[in-house]
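Participant: next comes the sequence, and after it the predicted model I'd like to discuss.
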Amino acid sequence: MEPTAASVEPSLWLDRLSSTAEGSNEPLFEGTGTRPICNGNFAMTLRLFRILAALGLATSLCGFALPAHAAKRVALVVGNNDYRNVPKLLKAVNDARTMGDTLKQLGFSVMVAENQSRQQFSETLLAFDRAIEPGDTAFFFYAGHGFEIAGQNYLLPTDVPAAIEGQEELVRDASILADRIVERLQNKKARTSILVFDACRNNPFERSGTRAVAGGGGLAPMTQLPEGVFSVFSAGPRQTALDRLSNDDANPNSVFTRTFAKELLQPGENLVQVAQRTRRLVSEMADTVKHRQVPVYFDQMVDDVFLSGIAKDTATAAARPADPPPQKLAALPPVSVPRVPKEETTNAPIASFSRHNGGWSVVFSFADPTIGISWRMAGNGDFRETGFIDTLDPRTRKRMPNPSIELPPDAVAGTIEVRYVDQTGDMQGPFPIRFDPEAALIRDQRKILDMTATSWLSFREFNGLLVYYTHLVSYRCAIREVRIGIDSAVPNQVLKMPGCDMRDPSAISAGMPLYMKLAPATQFVSVELTYRDGSVSEIKSFRTMNRSNN
């Protein structure tokens, strides 16, 4: 049976429907209507905070509000096995059914669509559109053939034609553009959009005796996602996803889907944790059969999203009675007794972390004008003032408080409590800011690597041609893997990096490999980084003509 979705109305998603009449052309909807999701909707507020802080302006935006709950959870799962003109698949339909059952357990109203032709796929997406309302959580899962052409991802319906070299437009016209699905979810104003693709299989258009369509089996990274979108791919670029681990593997699902579906049901895990655990487990299983498959994810969520219950410590903290108000700041202008301000009048500060040889620099950013700042590690002594810098704030006509503090290199994870004196003399806060040294280091070094991509490699003539990768070694803690290609646009060999030492992450010790020898005739080297969060950099090419003779 090949279900379509043309006649389904959004109201059906609110009902508990467990089956559809035999022979009906409507997709199957199942599940409950609503379920809260822990996802804050203050992305624009945070963005505006950063802009205003950089400009030195004040505003009166909404406060540090509790996360809002999504109106309802809706999902579309698609599985395509029965391709007519390209190789058939064995487990895509099973994968879609398994994901549908999993999402129903998480409170989603689920639409299941199997073996979709181009027209049926379009009608199904139209029904999905109609079911989504502003503020909803939308989940899209696809298992089947996927294909990348010129950096764009296409999901292949079952009637996609067999194409050869020069017929890329034929594939485009007959397929579903993945980016368009993201746009449709954004247009429907879904608060949270989750897209999962188990489509990283071999090139479906390869034929013996013919030249294949210019593109790649599987999908390209979706690195330019809008805010509120989270995507997961069953394998990294140029990797193939395993349907089974061996001929004796009787599991009805692919290696990725069987793992991801199980992890989704783990209580207290947010989406990032689910993706990270899935990546590790799938990679380990693939290693047992000497295959490389590392799922990747791309996160543009503003806050943590929990689909299977919030973390225990979060729930406990919410239920814990509020701490007594802190004491007045010493050596600051006389102020009233500190109080936790009303949500509608307060902007919570944010912080950036950077690691250097002497430890950590933490810079706070405030949307409101401040005349004093103090901080402490949660539950650890009195608040300490940050002091002042030799600059006048034109908004307050006073010296500006120092917005930065220093932490020792061995500082452990914890919560920094920050409070400030506003322009009227009232104490605001304290506000909690989470400090995770490992996560902060990875984020800081990743940012540096992105900004200095032209320095990843350098070449030198010294008893032959050498390529140095000292820059990558310096920021290795943000890198999971480096792959290079010598005179190849496709990085096809692993460049081994030294381990990361959190005590001195940028140190380069004696004996660390910093360069490799190349053949004298080498023209260029391509580089691709897989970061610790699973995302993958653009491929950068470095030409050997830019070499030093020193």
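Facilitator: Nice, I can see it. Because the structure is a prediction, the values reported are computed rather than measured.
Participant: who touches the most centrally placed residue in the chain in this structure?
Facilitator: Computing the C-alpha centroid of the chain and ranking residues by C-alpha atoms, centre = their mean puts Asp299 first, at 1.8 Å. Contact analysis of Asp299 by C-beta atoms under 8 Å, 6 or more residues apart in numbering lists 230, 271-272, 275, 533. (Glycine included, C-beta is placed from N, CA and C.)
Participant: poorly predicted segments of the stretch 251-400 of the chain, please.
Facilitator: Across the stretch 251-400 of the chain, the ranges flagged by pLDDT under 70 are 309-347.
Participant: what does stretch 403-417 rub up against?
Facilitator: Where contact means C-beta under 8 Å, 6+ apart, the residues beyond stretch 403-417 that reach it are 351, 355, 358-366, 373, 375-378, 380, 383, 386, 429-438, 503-504.
Participant: what about the residues you listed, which are in strands?
Facilitator: In this view, these that belong to strands under DSSP state E are 351, 355, 359-365, 373, 375-377, 429-435.
Participant: residues near the closest residue to Lys398 other than its chain neighbours, how many?
Facilitator: Spatial nearest neighbour of Lys398, chain neighbours left out: Ile371 (5.5 Å); criterion: C-beta to C-beta, 6 or more residues apart in numbering. For Ile371, the neighbour count with other C-beta atoms under 10 Å is 22.
Participant: so Ile371 is in which element?
Facilitator: Element membership for Ile371 (DSSP states H and E) is strand 370-377.
Participant: wait, a strand at Gly100?
Facilitator: No. Counting by DSSP: H, G, I helix; E, B strand; the rest coil, Gly100 is not part of a strand but helix.
Participant: pretty sure Arg97 sits in a helix.
Facilitator: Yes. The assignment for Arg97 (three-state DSSP) places it in a helix.
Participant: neighbours around it, how many?
Facilitator: 20.
Participant: what's the pLDDT at it?
Facilitator: At Arg97, the model reports a pLDDT of 97.
Participant: and the one 3 residues further on, by the same measure?
Facilitator: As predicted, Gly100 sits at a pLDDT of 96.
Participant: if I read this right, it contacts Val112, doesn't it?
Facilitator: Yes. Contact status for Gly100 versus Val112: in contact at 4.7 Å, counting by C-beta atoms under 8 Å.
Participant: against which helices or strands is the helix or strand where Arg258 lies packed?
Facilitator: In this assignment (DSSP H and E), Arg258 forms part of helix 255-264. Packing partners of helix 255-264 (3 or more C-beta pairs under 8 Å, 6 or more residues apart in numbering; DSSP states H and E): helix 92-105, strand 192-198, helix 271-287.
Participant: contacts for it, please.
Facilitator: Contacts with helix 255-264, where a contact means C-beta under 8 Å, 6+ apart, come from 91, 95, 98-99, 102-103, 106, 143, 196, 198, 232, 234-235, 241-245, 251, 253, 269, 274, 277-278, 281-282, 285-286, 293, 295, 307-308.
Participant: can I get the helices and strands packed on helix 255-264 in JSON lines including distance to Leu457?
Facilitator: Output for the helices and strands packed on helix 255-264, formatted as JSON lines (distance: least, C-beta to C-beta, whole Å):
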{"stretch": "helix 92-105", "distance to Leu457": "40"}
{"stretch": "strand 192-198", "distance to Leu457": "31"}
{"stretch": "helix 271-287", "distance to Leu457": "26"}
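Participant: what residues are up against Pro520?
Facilitator: Pro520 makes contact with 464-465, according to C-beta under 8 Å, 6+ apart.
Participant: can you rerun that using 10 Å?
Facilitator: 461, 464-465, 544 (C-beta atoms under 10 Å, 6 or more residues apart in numbering).
Participant: same check, this time on Arg97
Facilitator: Here Arg97 is in contact with 28, 77, 79, 110, 112, 114, 143, 252-253, 257 (criterion: C-beta under 10 Å, 6+ apart).
Participant: distance check, it against His356.
Facilitator: Arg97 sits 52 Å away from His356, going by C-beta to C-beta, to the nearest Å.
Participant: state the number of residues packed around the nearest residue in space to Ala275 that is not next to it in sequence.
Facilitator: In this structure, Ala275 finds its nearest non-sequential neighbour in Tyr297, 3.9 Å apart by C-beta to C-beta, 6+ apart. Neighbour count for Tyr297, taken as other C-beta under 10 Å: 21.
Participant: same check on Glu385?
Facilitator: By other C-beta under 10 Å, 15 other residues sit near Glu385.
Participant: low-confidence regions, the stretch 401-550 of the chain specifically.
Facilitator: Short version for the stretch 401-550 of the chain, where the test is pLDDT under 70: 546-550.
Participant: contacts only, for Glu284.
Facilitator: If you count contacts by C-beta under 10 Å, 6+ apart, Glu284 has them with Thr259.
Participant: again with the one 10 residues further on
Facilitator: Contacts for Val294 were tallied using C-beta under 10 Å, 6+ apart; they are 233-237, 239, 279-280, 282-283, 286-287, 480-481, 530, 534, 536.
Participant: same question, Gln493
Facilitator: With contact set as C-beta under 10 Å, 6+ apart, Gln493 has these partners: 482-486.
Participant: try 7 Å
Facilitator: 483-484 (C-beta atoms under 7 Å, 6 or more residues apart in numbering).
Participant: in the sheet, who's paired with it?
Facilitator: Gln493 has these beta-bridge partners by DSSP bridges: Ile484.
Participant: any idea which element Leu90 lies in?
Facilitator: Applying DSSP H and E, one finds Leu90 in no helix or strand.
Participant: picking that back up, and the helix holding Arg258, what's buried?
Facilitator: Residues 255-264 are the ones in helix 255-264 that count as buried (16 or more other C-beta atoms under 10 Å).
Participant: got the angle between that helix and helix 92-105?
Facilitator: On the basis of axes from the mean of the first three to the mean of the last three C-alpha atoms, to 10 degrees, helix 255-264 is oriented at 10 degrees to helix 92-105.
Participant: okay, angle between helix 255-264 and helix 271-287 too, please.
Facilitator: Using the same axes, to 10 degrees, helix 255-264 lies at 140 degrees relative to helix 271-287.
Participant: what does the residue nearest to Asp436 when sequence neighbours are not counted show for phi and psi?
Facilitator: In space, Asp436 comes closest to Ala413 once its chain neighbours are excluded; the distance is 5.0 Å by C-beta to C-beta, 6+ apart. As for Ala413, its main-chain torsions (degrees, to the nearest 10) stand at phi -60, psi 140.
Participant: show me where the stretch 151-300 of the chain has its helices.
Facilitator: Using DSSP state H, counting those that start in this stretch, the helices found in the stretch 151-300 of the chain span residues 168-174, 178-187, 255-264, 271-287.
Participant: can you redo those helices as JSON lines with distance to Asp444?
Facilitator: What follows is these, written out as JSON lines (distance: least, C-beta to C-beta, whole Å):
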{"stretch": "helix 168-174", "distance to Asp444": "40"}
{"stretch": "helix 178-187", "distance to Asp444": "29"}
{"stretch": "helix 255-264", "distance to Asp444": "28"}
{"stretch": "helix 271-287", "distance to Asp444": "18"}
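Participant: sorry, back to before: what's the most buried one of the helices and strands packed on helix 255-264?
Facilitator: Across the helices and strands packed on helix 255-264, averaging neighbours per residue (mean count of other C-beta atoms under 10 Å) puts strand 192-198 on top, at a mean of 25.
Participant: who does that strand pair up with?
Facilitator: Using DSSP bridges, the strands paired with strand 192-198 are strand 137-143 (parallel), strand 229-233 (parallel).
Participant: starting at the chain centroid, how far to that strand?
Facilitator: Distance of strand 192-198 from the chain centroid (C-alpha atoms, centre = their mean, to the nearest Å) equals 11 Å.
Participant: circling back to that earlier point, of all the helices and strands packed on helix 255-264, which one is nearest Gln523?
Facilitator: helix 271-287 (32.9 Å; C-beta to C-beta).
Participant: export that closest one as PDB, just CAs?
Facilitator: Below are the C-alpha coordinates for helix 271-287, written out as PDB (Å, rounded to 0.1, in the frame of the first residue of the first chain):
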ATOM      1  CA  LEU A 271      18.900  16.200  21.800                       C
ATOM      2  CA  VAL A 272      22.600  16.900  21.800                       C
ATOM      3  CA  GLN A 273      23.300  14.100  24.300                       C
ATOM      4  CA  VAL A 274      21.100  11.800  22.200                       C
ATOM      5  CA  ALA A 275      23.100  12.600  19.100                       C
ATOM      6  CA  GLN A 276      26.400  12.300  20.800                       C
ATOM      7  CA  ARG A 277      25.600   8.900  22.300                       C
ATOM      8  CA  THR A 278      24.200   7.700  19.000                       C
ATOM      9  CA  ARG A 279      27.400   8.800  17.200                       C
ATOM     10  CA  ARG A 280      29.600   7.000  19.700                       C
ATOM     11  CA  LEU A 281      27.700   3.800  19.700                       C
ATOM     12  CA  VAL A 282      27.200   3.600  15.900                       C
ATOM     13  CA  SER A 283      30.900   4.400  15.400                       C
ATOM     14  CA  GLU A 284      31.900   1.700  17.800                       C
ATOM     15  CA  MET A 285      29.600  -0.900  16.200                       C
ATOM     16  CA  ALA A 286      30.900   0.000  12.700                       C
ATOM     17  CA  ASP A 287      34.500  -0.400  14.000                       C
END
